[in-house]
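What follows is a predicted structure for the sequence shown.
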Amino acid sequence: MTYCVAMRLDAGLVFLSDSRTNAGVDQIGTFRKMSVFEKPGDRVMVLLTAGNLSISQSIRQIVADYVDGDGNSIWTVQSMHEAARLVGDAIRLVHERDAASLEKFGIDFNVSMIFGGQIGNERCRLFQMYSAGNFIESHNENPYFQIGEAKYGKPIIDRVVTPATSLDEAAKCALISMDSTLRSNISVGLPLDLLVYESGRLAVTRFVSVDEKNQYFQMIRATWGQQLKAVFEGMDDPVWNAAPDTSANVLSKAQAGSLPVRVSPPAALTGASVNNLSTQLQTLAQQSGSTKQH
């Protein structure tokens, strides 16, 4: 499996991906899932992939080489939307070529991608690509996309990231999001690829491959857990069955009428029948104890 996240901010773009591929408990591999398409001074585009590795690698190669019927390629189109359309074409080409054959072996055509970057003077743009070749674009209301094992790292991003977030703050948030995922899911693993793109640079200037020895990521892993625990311990415990005049940290109030859904025992087990059953159980317990002593 994998986890990738990308953020579209006023200041630029942040991309982060892990590198674990799991084909079984004894077949753990490392394959990098971030690919950069760069013509310095003209365009920078980044592709993150999740899903079937052979499918995503085939798509990535076709994206690099593909020329459509109008003579356009990812290296020549004049907008990121057109570039995303070409990535969609590449997905459909691989689907047309391989999907039926894969299905015969019980393999689904499973791939998802995040594609973003900047071409010329156009603002930075970010897209999420689906296995049908269609895509959606990030806007201010939703400034990030995730693919793969997304649920563990989502809460911190939802609480922190807005379009106005700085690139360094967003990179820090992405690494915390990844750390949360690494702790909760064994199918995501180091090393990580982190690329931070500053709007208007039209070149890759800030990239790092993060392994278990990376000093900053070690600090993130240690400090984030400690800070979470400190915040948790600093919060007051709930007050149960509080008096009516209690105003702080009340979880439940006395005589508030909150009751659980109770399941009634069968009628045959009520009254005298319950007493008889209790006597029978005690007798069985005594007999069991006597047997063990002998």
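That came through, no problem.

Poorly predicted segments of this structure, please.
22-28, 271-278, 280-281, 285, 288-294 (pLDDT under 70).

ok, the residue positioned nearest the centre of it - contacts?
Central residue check for the chain by CA atoms, centre = their mean: the C-alpha nearest the mean position is that of Ala150, 1.5 Å away. Residues in contact with Ala150, defined by CB atoms under 8 Å, 6 or more residues apart in numbering, are Tyr3, Val5. Yep, even glycine has a C-beta here, placed from its N, CA and C like the rest.

three-state assignment of it?
coil (DSSP: H, G, I helix; E, B strand; the rest coil).

so how far is Ser247 from it?
As for Ala150, its distance to Ser247 is 39 Å (criterion: CB to CB, to the nearest Å).

thought Ser58 was touching Asp98?
Yes: the pair Ser58 and Asp98 qualifies as a contact (CB atoms under 8 Å) at a distance of 7.1 Å.

Trp224 contacts Ile176, correct?
Yes: when contacts are counted by CB under 8 Å, Trp224 is listed as touching Ile176 (5.4 Å).

what's the spacing between the nearest residue to Asp42 once chain neighbours are set aside and Val44?
Closest residue to Asp42 apart from its sequence neighbours, by CB to CB, 6 or more residues apart in numbering: Leu202 at 6.2 Å. Leu202 sits at a distance of 6 Å from Val44 (criterion: CB to CB).

which neighbours do these two share?
By CB under 8 Å, 6+ apart, Leu202 and Val44 have these common neighbours: Gln118.

Neighbour count for the two, which is higher?
Neighbour tally, Leu202 and Val44, criterion other CB atoms under 10 Å: the higher count belongs to Val44, 24 against 20.

Quick check: beta-bridge partners of that one?
Beta bridges link Val44 to Glu38, Gln118 when assigned by DSSP bridges.

List the residues that contact the residue nearest to Asp42.
When contacts are counted by CB under 8 Å, 6+ apart, Leu202 is found next to Pro40, Gly41, Asp42, Arg43, Val44, Gln118, Gly120.

now do 7 Å
Pro40, Gly41, Asp42, Arg43, Val44, Gln118 (CB atoms under 7 Å, 6 or more residues apart in numbering).

what comes into contact with stretch 231-248?
Outside of stretch 231-248, the residues that reach it under the criterion CB under 7 Å, 6+ apart are Asn249, Val250, Leu251, Ser252, Lys253, Ala254.

Could you tell me how far the first one is located from Gln227?
Pointing back at Asn249 there. In this structure, Asn249 lies at 22 Å from Gln227, with CB to CB as the measure.

all strands of this protein, in order?
For the chain, the strands defined by DSSP state E occupy 3-9, 12-17, 20-22, 28-30, 34-39, 43-51, 111-119, 125-129, 135-137, 144-148, 192-198, 206-210.

The first one: partners in the sheet, and parallel or antiparallel?
Here strand 3-9 has these sheet partners by DSSP bridges: strand 12-17 (antiparallel), strand 144-148 (antiparallel).

Show me what counts as buried in the last one.
Yep, that's strand 144-148 we're talking about. Judged by neighbour count using 16 or more other CB atoms under 10 Å, the buried positions of strand 144-148 are Tyr144, Phe145, Gln146, Ile147, Gly148.

thinking again about what came up before, state the phi and psi torsions of the residue nearest to Asp42.
For Leu202, the backbone dihedrals (degrees, to the nearest 10) come out as phi 50, psi 40.

residues near Thr181, how many?
Neighbours of Thr181 (other CB under 10 Å): 25.

Now for it: which residues touch it?
Tyr3, Glu149, Tyr152, Gly153, Val188 are the contacts of Thr181 under CB under 7 Å, 6+ apart.

which of those residues tops the neighbour count?
Counting neighbours by other CB under 10 Å, the top entry in the contacts of Thr181 is Tyr3, with 29 neighbours.

isn't that one right up against Asp18?
Yes: taking contacts as CB atoms under 7 Å, Tyr3 lies within contact range of Asp18: 5.3 Å.

Give me the common contacts of the two.
When contacts are counted by CB under 7 Å, 6+ apart, Tyr3 and Asp18 are jointly contacted by Met178, Val188.

circling back to that earlier point, of the contacts of Leu202, which is the nearest to Gly51?
Ranked by distance to Gly51 (CB to CB), the contacts of Leu202 are led by Val44 at 23.9 Å.

rewinding a little: which one of the contacts of stretch 231-248 sits closest to Thr49?
Proximity of the contacts of stretch 231-248 to Thr49, judged by CB to CB, is greatest for Leu251, which lies at 45.6 Å.

ok, how many other residues are close to the closest residue in space to that closest one that isn't next to it in sequence?
Leaving aside its sequence neighbours, Leu251 sits nearest to Pro238 (CB to CB, 6+ apart; 3.5 Å). A count of nearby residues for Pro238, using other CB under 10 Å, gives 10.
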